[in-house]
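Chemist: Give me the fold of what follows.
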Amino acid sequence: MSIRKRLTQEESRLAALEAARALLIELGPQAVTLKAVATRIGRTHANLLHHFGSASGLQKALAEYHAEQVCEVIAETVKANRAGEGGSPRQIVDLAFDAFDREGGAALAGWMLLHGNEDALDPLVEVIHDLVNELDEHGAGKMRPAAHALCMMALGDAMLGAPLTRSLGLDRDSARETATRMLVEAAVVAGIAPVQAC
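Modeler: Down below sits the predicted model:
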């Protein structure tokens, strides 16, 4: 008989969110169910119900957790760039695009909207809002339009980028290149020009 390690409530919730994020990346949003996550972490369905209340509650928590993880790395990259310690605008663009594409952010958002779970995106929007506020130079708000455009471009590219670039005869990275130029130009206008452009 195996003895299961007793986790604190926070450890158990975090393990569930990490498992849900792995399922999202590996199999897509339809695979993020209470049963699948419980199985992956060796817990019961009831344990996850206790933490999240429902499958939509789990997906809402996952959207917030996913955004927090990505935004933390983006914030570090932006701060490193501003301090002249590395972190290029292209790295920032790649982090945003990858969060929506390879890491399943766009698929999760689409899945939740399709299933009438619009409010589940509120935490995602709040996390992005908090990141932009944190990085905003003295509350001037000059980078808000660029941050908004970057998120919209990353979301759109994740959903339609591959077929659209093929159709238009463009390189698959063309939206990322455009987003990088936009970010560099916005930073120059805002007076916080990045140390390096690519």
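
Chemist: helices or strands next to the helix or strand bottoming out on mean pLDDT in the chain in the packing?
Modeler: Here the helix or strand of the chain ranked lowest by mean pLDDT, DSSP states H and E is helix 122-135, holding a mean of 85. Counting contacts by 3 or more C-beta pairs under 8 Å, 6 or more residues apart in numbering; DSSP states H and E, helix 122-135 packs against helix 55-82, helix 144-168. For glycine as for every other residue, the C-beta is placed from the backbone atoms N, C-alpha and C.

Chemist: List the buried residues in stretch 26-42.
Modeler: Counting neighbours by 16 or more other C-beta atoms under 10 Å, one finds that the buried residues in stretch 26-42 are 29, 32-34, 36-38, 41.

Chemist: Output the residues you listed in CSV; the columns should cover secondary structure and pLDDT.
Modeler: As requested, the buried residues of stretch 26-42 are arranged in CSV below (DSSP: H, G, I helix; E, B strand; the rest coil; pLDDT from 0 to 100):
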residue, secondary structure, pLDDT
29, helix, 91
32, coil, 91
33, coil, 91
34, helix, 93
36, helix, 95
37, helix, 95
38, helix, 94
41, helix, 93
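
Chemist: which one of those sits closest to residue 129?
Modeler: residue 29 (22.7 Å; C-beta to C-beta).
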